[in-house]
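**Q** how would this look folded up:
(one chain, ligands or ions: 1)
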Amino acid sequence: MTRTLDVDDWAERIQRETFIRTLEIHPEIGSTNDRARGLAEDPRVERPCLIVAHRQTAGRGRGANRWWSSEGALTFSLLLSPDPNRLPLVRFPELSLTAGAAVCAALRPFADSADVRLKWPNDVYVNGRKICGILIEVPSVGTRESGGTGGTDVVVGVGVNVNNRIEDAPAELRSKATSLCDVTGDPPSRLDVLLAVLQSFERHLDLLCDQPDEMRRLWNRYDLLAGRFVTVDDGHDTTCGTCEGIADDGSLIVRTAAGPKGIYSGVVQQFG
Ligand code: BTN
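**A** Below is the predicted model:
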């Protein structure tokens, strides 16, 4: 089914109902993250800035992966410049989990009674299958002296499978992914999902800055991996063991044969 973007309706509701100050809506674009990184070079662009696309032709995933961005998918990027007094650069790794938790909270009301979980560091799974991927990139450090915003920019790219049926996905995704329309059988509006995610993101970002302990409790409440046997590749080593949750600094705690180990970045390749 072809769905078009009613650009005026989207723009009006996003501006009225969310914290977004600059908005671009594209019928088609290569990658919303690439566009957001380009806009990050212009300090006059007011943050938070949202780039949303009806369709991406070169959507990027983590590492060298591509992101399946067919019609019906919700794909967008946020360009933010968090206040360094509230969220210094060293805490940016926590943004990843926070974005994932925000998407979990936003999707729950759309997913009936399905099990919505956060897979470290920021994938969202519904009933054991991936429904959302998040790609976080830090494009530049824009100090006030150099004409920047005074904060450090961060791009949060989000892809949620909403009305794109998994039977139409590339073969390698079909057994691993899901979409809201497959979970509920009832196609939700992408705009409603986008508004819910943006509102949830703003709330969770405030929580991360002002009540970090509460935010950390939420990561662990949504955690998909706790108690499971995991295999994690951090680019250098592969670690196997039982996951014991997420530490306060955002690292994944894995109990290996040699004792507990904190993993700061990587990909969970398998979990049982
Ligand atoms: C992953 O799980 O590998 C991350 C996927 C992130 C995909 C989103 S879609 C919107 C934004 N633009 C991109 O090119 N990628 C992100």
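**Q** longest helix of the protein?
**A** Taking DSSP state H as the criterion, the chain has its longest helix at helix 190-210.
**Q** any idea which helix or strand comes after it?
**A** Going down the chain from helix 190-210, the next helix or strand is helix 212-222, by DSSP states H and E.
**Q** what bits of this protein have low per-residue confidence?
**A** 1-5, 140-151 (pLDDT under 70).
**Q** Residue numbers of it in contact with the ligand?
**A** Counting by CB under 6 Å from any ligand atom, the chain comes close to the ligand at 31-33, 56, 59-62, 65, 67, 75-77, 123, 133-135, 157-159. Heads up, the C-betas are built off the backbone N, CA and C, glycines and all.
**Q** Quick one, which of those residues are buried?
**A** 31-33, 56, 59-60, 67, 75-77, 123, 133-135, 157-159 (16 or more other CB atoms under 10 Å).
**Q** residue contacts, the closest residue to residue 238 other than its chain neighbours?
**A** Nearest residue to residue 238, sequence neighbours excluded (CB to CB, 6 or more residues apart in numbering): residue 231, at 6.3 Å. Applying CB atoms under 8 Å, 6 or more residues apart in numbering, we find residue 231 in contact with 238, 239, 240, 268, 269, 270, 271.
**Q** what's the closest of those to residue 96?
**A** residue 268 (13.3 Å; CB to CB).
**Q** From the ligand, how far off is that closest one?
**A** 12 Å (CB to the nearest ligand atom, to the nearest Å).
**Q** from memory that residue sits against residue 234, does it?
**A** No: the pair residue 268 / residue 234 is not scored as a contact, 10.3 Å apart, by CB atoms under 8 Å.
**Q** in the stretch 51-200 of the chain, which spans are strands?
**A** Here the stretch 51-200 of the chain has its strands, by DSSP state E, counting those that start in this stretch, at 74-80, 116-119, 123-126, 129-137, 154-160.
**Q** Point me to the residue of this structure nearest the ligand.
**A** Residue nearest to the ligand within the chain: residue 133 (2.2 Å; CB to the nearest ligand atom).
**Q** Hmm, residue 57 and residue 75 touching each other?
**A** No: with contact defined as CB under 8 Å, residue 75 does not reach residue 57; the gap is 10.8 Å.
**Q** hey, what's in contact with both of these two?
**A** residue 69.
**Q** Show me the helices in the stretch 51-200 of the chain, by range?
**A** 92-107, 180-184, 190-210 (DSSP state H, counting those that start in this stretch).
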